[in-house]
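Visitor: okay, predicted coordinates and the sequence, questions at the end:
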Amino acid sequence: MGLAVRTSGGLTTAISQDLDNTAGGFAVKAAAGLLYGVTFCNSTGSTVFVKIADATVTIGTTTPKMIWAIPAFTTFTRAYPQGITFATRIQAWAVTTVVDSGSTDPGTNALVATFDYN
């Protein structure tokens, strides 16, 4: 038996060309799921903090499940081969400070984000 091409059962990719502090954050997946990888490209001269939650988000109030610090003018990629479980939803946002109360927008088109999930 030969190899067969698979056209289902793989990962889905969500892309935000301007991940920021938009009310409610960016809906990577509006239901439970697994996060398998992320790529962030920061085009600003300052560190940007990407936050992700397993809940409906209120920027400046919601405590994130994970935080990534993306240094100025860098691209960051991380794979999670086993997947990170999100029981409710996968919601992301980006701000200029690491604290939960941070709510300052990193700037227009400052951060491009790619999320691989299932």
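Guide: Everything's here; your move. Numbering: from 1, shown residues only.

Visitor: most centrally placed residue in this protein?
Guide: Centroid-nearest residue in the chain: A92, 4.6 Å away (criterion: Cα atoms, centre = their mean).

Visitor: contacts only, for that one.
Guide: S16, L19, G25, F26, V28, V50, K51, I52, A53, A113, F115 (Cβ atoms under 8 Å, 6 or more residues apart in numbering). (Each C-beta comes from the backbone N, C-alpha and C, glycine too.)

Visitor: same check on G25?
Guide: G25 touches A53, V57, I59, Q91, A92, W93, counting by Cβ under 8 Å, 6+ apart.

Visitor: still on that earlier bit, tell me which of the contacts of A92 has the lowest pLDDT.
Guide: Within the contacts of A92, the minimum per-residue pLDDT falls on G25 (94).

Visitor: what number of residues are in the vicinity of the closest residue to N42 other than its chain neighbours?
Guide: In this structure, N42 finds its nearest non-sequential neighbour in I70, 4.3 Å apart by Cβ to Cβ, 6 or more residues apart in numbering. Applying other Cβ atoms under 10 Å, we find 23 other residues in the vicinity of I70.

Visitor: for the one 3 residues further on, same thing?
Guide: Here the count is done by other Cβ under 10 Å, and F73 has 11 residues near it.

Visitor: low pLDDT regions in the protein?
Guide: Counting by pLDDT under 70, the chain shows low-confidence ranges at 1-2, 5-7.
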